[in-house]
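> Structure for the following, please:
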Amino acid sequence: MRLEISCQDRLGITQDILDILVAHEIDLRGIEIDEAGKIFLNFPNLEFEDFQHLMPKIRRINGIDDVKTTPYMPGERERNQLSAILRTLPDPVFSIDNRCRVLMCNEAVISGLELPFSDIESTEISELVKGFNFNRWMESKDNAATSVKVKFIQQDYLADILPVIVPDGQNSAIFAGAVVILKSEMRLGQQFTAFHQTETDSFDHFIIRSPAMAKVVNDAKQIADLDAPVLIFGETGTGKEMIAKACHQASRRNKGEFLVLNCASLPDSVAESELFGYAAGAYNQPEGKAGLLELAAGGTILLDEIADMSPQLQAKLLRVLEHNEFRRVGDDKPVAVNVRFICTTGRDLGQMVEEGVFRKDLYYRLNVLSLVMPSLKERRPDILPLAEAFILQHSSKLGRRPAKLSKSCVDFLQQYPWPGNVRQLQNALFRALSLLDGNEISKEDIQLPSCAPSVTYIDENFDGTLDEEVKKFERDLLKRLYPSYPSTRQLAKKLGLSHTAIANKLREYGINKGTVKL
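Numbers count the residues shown, from 1 in each chain. All right, here's what the predicted structure looks like:
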């Protein structure tokens, strides 16, 4: 039972109330006085008869204006309000004492760590939140609020560290610890950029934490405004088309069209008419149609999966590159070409040239500038930032609050080999969010095919010496990399060897160096 007593400011009035409770042998559980001077009492429920006798006695005390029951004490209301805020807040929140030990945390912390509160309580926060010296901050004389970049469950957050000050008299206070609020750095960054930036760099939307991706984007920025053809190598799902479009947007051709022809999805005749267009009367059509080469005038054409282009179409494309003109199907009038070509492939074009299934002269015409998109296995530092970005993107589309990744899910995402690369990660998270109940993605929510964790490069029953097998592996590796790094200096930098060492190895293995720029 709780009572709210409105009273005047009189010395000893609280003691008079307590004397009545003692006389009735009532066990007082709590007493509070709010800023308005009201007295709140908390004691066990009374029988109606006892309560009837108690209330008049309190009302007769000198200075008492009113007595009534109340559903809660002010402190209980504040604690329940704080608890409600913490429960609904999606960001992890800790309360720590002045020894940096956890006193309290919210559900976002508990679900993220996948631990009960009993295992988190009294843990030193530096064991959970990395990247900031909490002890040094506690020991400093000026415990001012601060914001720092930290890591929690291996994910980046911005930590707001707010001191807890308990008043001790009119002019003094006691430093009692801190509240630590972790905010997703990815979300804050995107919101800040969206609010303040009117025009962004075409490469700004790439997630770049790994050295491999940083190198590719840096190279792409340097070649973007050059007008020569670009050949982009990379496995499926690595973002070849995405970086091709960024190169177009960063070029002087960005006011023109960016058009795509998928060489793998169309029959040869359809691909030809799509690329070159056709004249009136061709294909029994009364009117002609402009092809991509005309529609993209002043812009860029992306030939996606160029390795799947038929030999006949390869020959026609070569003539376009050599003479800067083409003819519509069924027409003999030449049309000038004013486009930049960017081509992508997930196959080894150099090997296809050696096998005679891709034209050598076309290969060297296209492979003037090249980029190699790294697989997701080669850019593991990007996996979690990519996951966070996809979660925000998909949550917005699904009209739901962004979910958090549990610790088991974080570990799983970082260890999985990702044969489908970034696209596979994006699709897996979309499926998980679409079917998710709650606000946390666990390992079990990510449905992916099992993959072998490692690859055996050499048969255990191989014939020959170790030196012979190592040389064989080295030769195969150089043959695979050489089409992507046609300069010995580029290839040497990729493999961490000297220019001379690479040149000698290419000569030793008889790998074609016809266009190597020494």
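> Okay, strands next: where are they in the stretch 151-300 of the chain?
155-167, 173-184, 230-233, 258-262, 277-278, 289-290, 300-304 (DSSP state E, counting those that start in this stretch).
> Report back the residue of the protein that's furthest from centre.
R60 (67.1 Å; CA atoms, centre = their mean).
> Ramachandran angles for that residue?
phi -80, psi -10 (degrees, to the nearest 10).
> mind checking pLDDT for it?
Per-residue confidence at R60 stands at 90 (pLDDT).
> Of the strands of the stretch 151-300 of the chain, flag the one that's most buried.
strand 230-233 (a mean of 25; mean count of other CB atoms under 10 Å). (C-beta placed from N, C-alpha, C; glycine too.)
> Sheet partners, orientation included, of that strand?
strand 340-345 (parallel), strand 369-372 (parallel) (DSSP bridges).
> R253: neighbour count?
22 (other CB atoms under 10 Å).
> Hmm, R340 and it touching each other?
Yes - applying CB atoms under 8 Å as the test, R253 and R340 come out as touching, 5.9 Å apart.
> overlap in contacts of these two?
Residues touching both R253 and R340 (CB atoms under 8 Å, 6 or more residues apart in numbering): 227, 299-300.
> about what we covered before: mind checking how far the residue farthest from the centre of the chain is from A36?
In this structure, R60 and A36 are 22 Å apart, going by CB to CB, to the nearest Å.
> Same question for S442.
48 Å.
> Counting neighbours, go ahead and name the busier of the two.
S442 (18 against 6).
> separation between the residue nearest to N62 when sequence neighbours are not counted and G30?
Sequence neighbours aside, R10 is the residue nearest to N62 in space, at 7.1 Å (criterion: CB to CB, 6 or more residues apart in numbering). R10 sits 22 Å away from G30, taking CB to CB as the criterion.
> for the stretch 301-450 of the chain, what spans make up the helices?
311-323, 349-355, 360-366, 383-398, 407-415, 421-434 (DSSP state H, counting those that start in this stretch).
> ok so, going back, just name the lowest-scoring one in the shared contacts of R253 and R340, pLDDT-wise.
Per-residue pLDDT puts D227 lowest of the shared contacts of R253 and R340, at 86.
> returning to what we had before: pretty sure the residue nearest to N62 contacts I61?
No - R10 lies out of contact with I61 (CB under 8 Å); the separation is 9.3 Å.
> what are the bridge partners for N42, then?
R2, G30.
> Pull the number of nearby residues for it.
17.
> Ok, L371 next?
22.
> Please apply the same query to S118.
Around S118 there are 7 residues (other CB under 10 Å).
> And H53, how far from P44?
16 Å.
> Actually, V353.
90 Å.
> now P402
45 Å.
> Comparing these two, which residue is more hemmed in?
Taking other CB under 10 Å, P402 and P44 do not tie; P402 has more neighbours (18 against 9).
> Any chance of the backbone angles for the more buried one?
Dihedral angles for P402 - degrees, to the nearest 10 - are phi -60, psi 140.
> Spit out the contact partners of it.
Neighbours of P402 in contact, by CB under 8 Å, 6+ apart: 90, 184, 187, 391-392, 395.
> Grab the nearest non-local neighbour of it.
S395 (4.3 Å).
> contacting residues around the one you found?
401-403, 433.
> Could you point out which residue ranges in this structure have low pLDDT?
Residue ranges of the chain with pLDDT under 70: 87-88, 168-172, 185-201, 450-463, 483-487, 512-518.
> Can I get the strands paired with strand 230-233 in TSV including distance to A503?
Formatted as TSV, the strands paired with strand 230-233 follow (distance: least, CB to CB, whole Å):
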stretch	distance to A503
strand 340-345	26
strand 369-372	19
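> Which stretch among these is buried most, on average?
strand 340-345 (a mean of 25).
> Name the residues that touch that strand?
Contacts for strand 340-345 (CB under 8 Å, 6+ apart): 227-234, 240-241, 244, 247-248, 251, 253, 299-307, 321, 366.
> what's around the nearest residue to C409 once chain neighbours are set aside, how many residues?
Distances taken as CB to CB, 6+ apart place K443 nearest to C409, at 4.9 Å, with adjacent residues excluded. A total of 15 residues lie near K443 under the criterion other CB under 10 Å.
> Quick one: residues contacting K443.
Contacts for K443 were tallied using CB under 8 Å, 6+ apart; they are 406, 408-409, 411-412.
> Could you turn the buried ones of those into a ChimeraX selection?
Here is the ChimeraX selection string for the buried members of the contacts of K443, based on 16 or more other CB atoms under 10 Å:
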select :406,409,412
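> show me what contacts the nearest residue to R29 once chain neighbours are set aside?
Leaving aside its sequence neighbours, R29 sits nearest to N42 (CB to CB, 6+ apart; 4.5 Å). By CB under 8 Å, 6+ apart, the contact list for N42 reads 1-2, 28-31, 73.
> Next one: N42 relative to L54, how far apart?
Taking CB to CB, one finds N42 at 14 Å from L54.
> same question, E78
The value you get for E78 to L54, if CB to CB is used, is 27 Å.
> and these two? which has more neighbours close in?
Comparing E78 with L54 by neighbour count (other CB under 10 Å), the higher total belongs to L54, at 20 against 11.
> so that one makes contact with N45?
No - applying CB under 8 Å, one finds L54 not in contact with N45, separated by 12.0 Å.
> What residues sit buried inside stretch 358-371?
Per 16+ other CB under 10 Å, stretch 358-371 contains these buried residues: 358-359, 362-363, 365-371.
> should've said stretch 89-103
Neighbour count says stretch 89-103 has 90-96, 100, 102 buried, by 16+ other CB under 10 Å.
> Which pair of these spans the longest distance?
P90 and C100 (24.3 Å; CB to CB).
> Which of the shared contacts of R253 and R340 sits closest to D437?
Using CB to CB, those come closest to D437 at T300, 44.5 Å.
> How much space separates that closest one from A250?
11 Å.
> Next: D437.
Following CB to CB, the distance that separates D437 from A250 is 43 Å.
> now G12
Relative to A250, and taking CB to CB, G12 is found at 80 Å.
> Looking at these two, which one has more neighbours?
The residue with more neighbours, out of G12 and A250, is A250; 17 against 11, by other CB under 10 Å.
> That one is in contact with F206, isn't it?
No - the criterion here is CB under 8 Å, and A250 misses it with F206 at 11.8 Å.
> neighbours around S147, how many?
Around S147 there are 12 residues (other CB under 10 Å).
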